[in-house]
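Colleague: Test case, fold it:
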Amino acid sequence: MLLRTFDRFFRHDASGGVLLMLSAVAAMIAANGPIAGQVNDVLGAKFSILINDQGLSKPLILWINDGLMAVFFLLIGLELKREMLEGKLRNPRDIILPGMAAVGGMAVPAVIYAAINWSNPETLSGWAIPAATDIAFALGILALIGTRAPVALKVFLLTLAILDDLGAIIVIALFYTAELKVEYLLYALVPLVAMWWLNMRQVHRIAPILMLGAVLWVLVLKSGVHATLAGVATAFFIPMKDKWGKSPLHSLEHALAPYVFFMIVPIFAFANAGVALEGMSADALMAPVPLGIIAGLVLGKQLGVFGLTFLTVKAGFAQLPHGVGWAHVYGVSALAGIGFTMSLFIGSLSFADPALMNDVRLGVLVASGLSALIGAAVLVMAGNPAREADKAEAEPA
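Modeller: Prediction:
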């Protein structure tokens, strides 16, 4: 009975979002409880892989943020490639509306954060934090709403979030690169060319590609470019079809997804979401970093996603999906303000100062919680007119 309950939970679309919430709660308890010191010691403990004193030596928190999150980005890359070749991103006409929504949802929050932090160069570097949307969390909330929201709304939100992730990957590559070491990037061409060759041969066994991806990860990490981008690059060299017509990409995506959403992302959330509340008052929310994040994610996402969607439709470039009304679009605009995983990740790239990172956690958690509540409330009130009409027709006169 218990195993069946667990199986039903993990099969539910909302399970990833629920686990993220539980991880955030656990992180808050750990950061403010008697074990806070021990947790910090564990996350700060150095783990090394060395040969003749040469190799990698990093605190556990960086192994999580650079290593485990590279696997997360590998899955994102697989999803992007699949959608581009045979899914929602294949037809340009289907991309226009969620694409414009994604552009607005990234640009407006970033501008709001930058405006609030303009006078402080140190905190201004976090301008991209509120530009992100957490796919698992946002879709989890939508899944909890269930059939009360139109089916087409999930496709719209999923496409928007995928394009948002693509934008976040570009932002990380362009703006969050440390001091560049060109020689390591030149070395990285070797595994890249080898992966390209294997992809062109449509190999069935992808273990060699993944091993080359691990080599690429080390070289990219050493180059100063953020190492998680190696995960995206590796994903694009996984063949969509092999010589026998099977799909190594589909198989890997299906195999990775449970480990990413039920292990890697919750571990990342636990390691990064704990806000130390000691000595903190309500005034802390008015500090430039949390205020910029909250205003960006809550107000900026709603203005950007809804505003660009409205303008695109009214200009005649696209139409709303079937059964979707403006109240639904507004609800999705609010759900897009759930930044969580990606916002915390970009925050970790933006600030090394623990105090500023604590401000990031505070802003992201408050903003994501408000966005989830607003989005869910709006979508429940908006309902699903098509479903209600079907029910009315089915009832006997």
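Colleague: Which residues belonging to stretch 324-343 are considered buried?
Modeller: 324, 328-343 (16 or more other C-beta atoms under 10 Å). All C-beta spots, glycine's among them, are computed from the backbone N, C-alpha and C.
Colleague: what do you get for stretch 149-160?
Modeller: Quick answer for stretch 149-160 (16+ other C-beta under 10 Å): 149-150, 153-154, 156-160.
Colleague: Then stretch 252-267?
Modeller: For stretch 252-267, by 16+ other C-beta under 10 Å, it's 252-253, 256, 260-261, 264-266.
Colleague: Low-confidence bits of the chain, can you list those?
Modeller: 1-16, 178, 279-280, 385-397 (pLDDT under 70).
Colleague: can you pull out the strands in it?
Modeller: Under the criterion DSSP state E, the chain contains strands at 46-51, 54-59.
Colleague: quick one, the first one and strand 54-59 angle?
Modeller: To tie it back to what came earlier, the one meant is strand 46-51. Using axes from the mean of the first three to the mean of the last three C-alpha atoms, to 10 degrees, one finds that strand 46-51 and strand 54-59 are set 170 degrees apart in direction.
Colleague: contacts for strand 46-51?
Modeller: By C-beta atoms under 8 Å, 6 or more residues apart in numbering, the surrounding residues in contact with strand 46-51 are 55-60, 63.
Colleague: Kindly recompute the last result at 6 Å.
Modeller: Contact partners of strand 46-51, identified using C-beta atoms under 6 Å, 6 or more residues apart in numbering, comprise 55-57, 59-60, 63.
Colleague: Over to stretch 238-257?
Modeller: In contact with stretch 238-257 (C-beta under 6 Å, 6+ apart) are residues 75, 78, 85, 199, 202, 204, 206.
Colleague: Closest to Met381 out of those residues?
Modeller: Leu75 (33.8 Å; C-beta to C-beta).
Colleague: Spit out the contact partners of that closest one.
Modeller: Contacts of Leu75 (C-beta under 6 Å, 6+ apart): 256, 260.
Colleague: In this structure Ala269 contacts Leu22, no?
Modeller: No: with contact defined as C-beta atoms under 6 Å, Ala269 does not reach Leu22; the gap is 8.9 Å.
Colleague: Please say which of those two ends up with more neighbours.
Modeller: Higher neighbour count among Ala269 and Leu22: Ala269, with 24 against 13, using other C-beta atoms under 10 Å.
Colleague: Now do that one against Ala30, distance only.
Modeller: Ala269 sits at a distance of 12 Å from Ala30 (criterion: C-beta to C-beta, to the nearest Å).
Colleague: Select the longest helix from the chain.
Modeller: helix 354-382 (DSSP state H).
Colleague: so what secondary structure elements neighbour that helix?
Modeller: Packing partners of helix 354-382 (3 or more C-beta pairs under 6 Å, 6 or more residues apart in numbering; DSSP states H and E): helix 135-145, helix 288-294, helix 326-335, helix 340-350.
Colleague: Show the subsequent helix or strand relative to the shortest one.
Modeller: By that I understand helix 288-294. helix 301 (DSSP states H and E).
Colleague: Can you list the neighbours in contact with that following helix?
Modeller: Counting by C-beta under 6 Å, 6+ apart, 105, 109, 336-337 sit against helix 301.
Colleague: Among those residues, which one lies nearest to Leu139?
Modeller: Ala336 (11.2 Å).
Colleague: can you pull the contacts of that closest one?
Modeller: Listed by C-beta under 6 Å, 6+ apart, the contact partners of Ala336 are 105, 133, 301, 305.
Colleague: so who does the residue lying closest to the last one once chain neighbours are set aside touch?
Modeller: The spatial neighbour of Val305 that comes closest, neighbours along the chain excluded (C-beta to C-beta, 6 or more residues apart in numbering), is Ser333 at 3.8 Å. Ser333 sits next to 302, 305-306 when contact means C-beta under 6 Å, 6+ apart.
Colleague: for Glu83, same thing?
Modeller: 89, 162 are the contacts of Glu83 under C-beta under 6 Å, 6+ apart.
Colleague: Quick check: it vs Arg93, distance?
Modeller: 15 Å.
Colleague: Glu278: neighbouring residues, count only.
Modeller: The local packing of Glu278 (other C-beta under 10 Å) involves 7 other residues.
Colleague: With Pro92 instead?
Modeller: Neighbour tally, Pro92, other C-beta under 10 Å: 8.
Colleague: what does Pro208 give?
Modeller: 12.
Colleague: Repeat that for Phe73.
Modeller: Neighbours around Phe73, by other C-beta under 10 Å: 26.
Colleague: Contact partners for the closest residue in space to it that isn't next to it in sequence?
Modeller: Nearest non-adjacent residue to Phe73, counting by C-beta to C-beta, 6+ apart: Gly231, 3.7 Å away. If a contact means C-beta under 6 Å, 6+ apart, then Gly231 has 70, 73-74 as its contacts.
Colleague: out of those residues, who's nearest Tyr184?
Modeller: Using C-beta to C-beta, those come closest to Tyr184 at Ala70, 15.8 Å.
Colleague: For that closest one, the count of nearby residues, please.
Modeller: Counted with other C-beta under 10 Å, Ala70 comes out at 24.
Colleague: need the contact list for it.
Modeller: The contact partners of Ala70, by C-beta under 6 Å, 6+ apart, come to 217, 227-228, 230-231.
Colleague: could you list every residue that touches the nearest residue to Asp134 once chain neighbours are set aside?
Modeller: Among residues not flanking Asp134 along the chain, Phe340 sits closest, at 4.0 Å (C-beta to C-beta, 6+ apart). For Phe340, the contact set (C-beta under 6 Å, 6+ apart) comprises 134, 137, 368.
Colleague: Any of these buried? List them.
Modeller: For these, a burial check counting by 16+ other C-beta under 10 Å picks out 134, 137, 368.
Colleague: that older thread, show me the one of the helices and strands packed on helix 354-382 that comes nearest Thr312.
Modeller: Thr312 lies closest, by C-beta to C-beta, to one member of the helices and strands packed on helix 354-382: helix 326-335, at 10.7 Å.
Colleague: Could you export that closest one as PDB, CA atoms only?
Modeller: Output in PDB follows, covering the C-alpha atoms of helix 326-335 (Å, rounded to 0.1, in the frame of the first residue of the first chain):
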ATOM      1  CA  TRP A 326      -6.800  36.700 -20.800                       C
ATOM      2  CA  ALA A 327      -7.400  35.700 -17.200                       C
ATOM      3  CA  HIS A 328      -5.500  32.500 -17.900                       C
ATOM      4  CA  VAL A 329      -2.600  34.400 -19.500                       C
ATOM      5  CA  TYR A 330      -2.400  36.600 -16.400                       C
ATOM      6  CA  GLY A 331      -2.400  33.600 -14.200                       C
ATOM      7  CA  VAL A 332       0.500  32.000 -16.200                       C
ATOM      8  CA  SER A 333       2.300  35.400 -16.100                       C
ATOM      9  CA  ALA A 334       2.200  35.200 -12.300                       C
ATOM     10  CA  LEU A 335       3.400  31.600 -12.300                       C
END
